[in-house]
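Enquirer: Sequence and computational prediction follow.
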Amino acid sequence: MFNQQQAGASQQSVNLVSSKELAYISDCLKNEELLAKIAVQGVAESQNQQLKQKLAQLSQDRLQNTELLVRTLQQQTQVSH
């Protein structure tokens with residue numbers, strides 16, 4: 001029984017995210033959003049079709065990374081509450 005309580009406590013501490021980690025994640029999300037915006041601006045301004053395609057893909061990848069991170073955080077917060 002003691003081992004089960006210990007395992008439960010260990011699992012809870014694994015799911016907790018510190019304020020420092022949240023600040024880092026927030027910065028990462030802002031950076032991903034900025035990269036996506038810069039890529040979209042490049043698509044609008046570029047005359048080179050290959051470059052436009054690459055920048056559009058880059059923008060899509062950045063937004064997918066952001067969505068994945070947000071979903072993962074939401075799942076983790078639901079588990080820890």
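Expert: Noted; the coordinates are in hand. Residues are numbered from 1 along each chain as shown.
Enquirer: Report the spatially nearest residue to V40, omitting neighbours in sequence.
Expert: Among residues not flanking V40 along the chain, S59 sits closest, at 5.1 Å (C-beta to C-beta, 6 or more residues apart in numbering). (Glycine included, C-beta is placed from N, CA and C.)
Enquirer: Buried residues, the helix or strand where that neighbour lies. List them.
Expert: Using DSSP states H and E, the element containing S59 is helix 49-80. Residues of helix 49-80 classed as buried: 52, 55, 58-59, 62-63, 66 (neighbour count, 16 or more other C-beta atoms under 10 Å).
Enquirer: State the pair within these that is farthest apart.
Expert: K52 and T66 (21.4 Å; C-beta to C-beta).
Enquirer: Quick check: S26 vs L73, distance?
Expert: Distance, S26 to L73, by C-beta to C-beta, to the nearest Å: 10 Å.
Enquirer: Q76 against V17, yeah?
Expert: Yes - at 6.8 Å, Q76 and V17 qualify as touching, with contact defined as C-beta atoms under 8 Å.
Enquirer: Please report how far the most centrally placed residue in the chain lies from E33.
Expert: The residue lying closest to the centre of the chain (C-alpha atoms, centre = their mean) is L69, at 2.8 Å. Per C-beta to C-beta, L69 is found 11 Å from E33.
Enquirer: Next: V40.
Expert: For V40, the distance to E33 - C-beta to C-beta - is 11 Å.
Enquirer: quick one: which of those two has more around it?
Expert: More crowded of V40 and E33, by other C-beta atoms under 10 Å: V40, with 17 against 13.
Enquirer: per-residue pLDDT, the more buried one?
Expert: pLDDT, V40: 95.
Enquirer: what does the one 3 residues further on give?
Expert: What the model reports as pLDDT for V43 is 96.
Enquirer: cool, the one 3 residues further on as well?
Expert: S46 is assigned a pLDDT of 95 by the prediction.
Enquirer: Please verify my assumption that it contacts A56.
Expert: No - S46 is beyond contact range of A56, at 9.9 Å (criterion: C-beta under 8 Å).
Enquirer: Now tell me what touches stretch 22-37 from outside.
Expert: Applying C-beta atoms under 8 Å, 6 or more residues apart in numbering, the set of residues contacting stretch 22-37 from outside is 17, 58-59, 62-63, 65-66, 69-70, 73.
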